[in-house]
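S.K.: Make a model of this:
(2 chains)
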Amino acid sequence: EAGVVQSPRYKIIEKKQPVAFWCNPISGHNTLYWYLQNLGQGPELLIRYENEEAVDDSQLPKDRFSAERLKGVDSTLKIQPAELGDSAVYLCASSLGRTQETQYFGPGTRLLVL
Amino acid sequence: GDSVTQMEGPVTLSEEAFLTINCTYTATGYPSLFWYVQYPGEGLQLLLKATKADDKGSNKGFEATYRKETTSFHLEKGSVQVSDSAVYFCALIKNTGGFKTIFGAGTRLFVKA
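M.R.: Predicted structure coming up:
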């Protein structure tokens, strides 16, 4: 069974440019998570989807970040415009449902903003 | 508020040494507790978990016991290998009083041959 797929794996952009990350969760997993991981830190939740509904986006900086999961399967996280401080690893995870279940992580997208 | 605190790294051990990585948590309700491992260039992988007090999670020689009285979930392994070198994250997930998933800052382990 395929794991969580993310692309691209690496991205280098100039500040003020837009950038998008894509995630395809494990088949059948209804819940999808986007995390931000700064260097030397643990992941921090940005947004959580139950199917196509964003049920928790309180930590998403909505002035520049947006996300969508239109058909309740794959998801896109966008930053526009990017700032130097956005340099980090963006992780996607999925789980079967909304209870206290194991989350399965993708390899992440490492973003560098110059 | 809810939180997870791990011992700071890096932890450097010789092969076959005993490993303990401390993790304590603060949370209302009844969280599930997890240890994830992150190898260089890879995403987080579940190592083990425990869903209620006194449960012991185990995998690949690693163990951790959910201690509610001390709010701890320390990771142990009796004999580490070079291949265990990685970053280890303690995490809690709860769904009472609102869903929360909180990770510790991670502890880097180096194992020398």
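
S.K.: List the contacts of the nearest residue to residue B:39 once chain neighbours are set aside.
M.R.: Take residue B:39 and drop its neighbours on the chain: the residue closest to it by Cβ to Cβ, 6 or more residues apart in numbering or on different chains is residue B:86, 4.8 Å away. Backbone N, C-alpha and C define where each C-beta goes, glycine included. Residues near residue B:86 by Cβ atoms under 8 Å, 6 or more residues apart in numbering or on different chains: B:37, B:38, B:39, B:40, B:108, B:109.

S.K.: out of those, which is most surrounded?
M.R.: Among those, the one with the most neighbours (other Cβ atoms under 10 Å in any protein chain shown) is residue B:38, at 23 neighbours.

S.K.: The residue nearest to it when sequence neighbours are not counted sits in which helix or strand?
M.R.: In space, and not counting its chain neighbours, residue B:38 is closest to residue B:87: 4.6 Å by Cβ to Cβ, 6+ apart. Secondary structure assigned from DSSP states H and E places residue B:87 in strand B:86-94.

S.K.: how about the residues of chain A near chain B?
M.R.: With Cβ under 8 Å from any Cβ of the partner chain as the criterion, chain A meets chain B at residues A:4, A:33, A:40-45, A:48, A:55-56, A:91, A:93, A:98-108.

S.K.: give me the number of residues near the closest residue in space to residue A:68 that isn't next to it in sequence?
M.R.: Once flanking residues are discounted, residue A:68 sits nearest to residue A:76: 5.6 Å by Cβ to Cβ, 6+ apart. Counted by other Cβ under 10 Å, the residues lying close to residue A:76 total 14.

S.K.: Quick check: what element follows the least confident helix or strand in chain A by mean pLDDT along the chain?
M.R.: Every helix and strand of chain A was ranked by mean pLDDT, DSSP states H and E. The lowest is strand A:53-56, at a mean of 89. The helix or strand immediately downstream of strand A:53-56 is strand A:65-68, counting by DSSP H and E.
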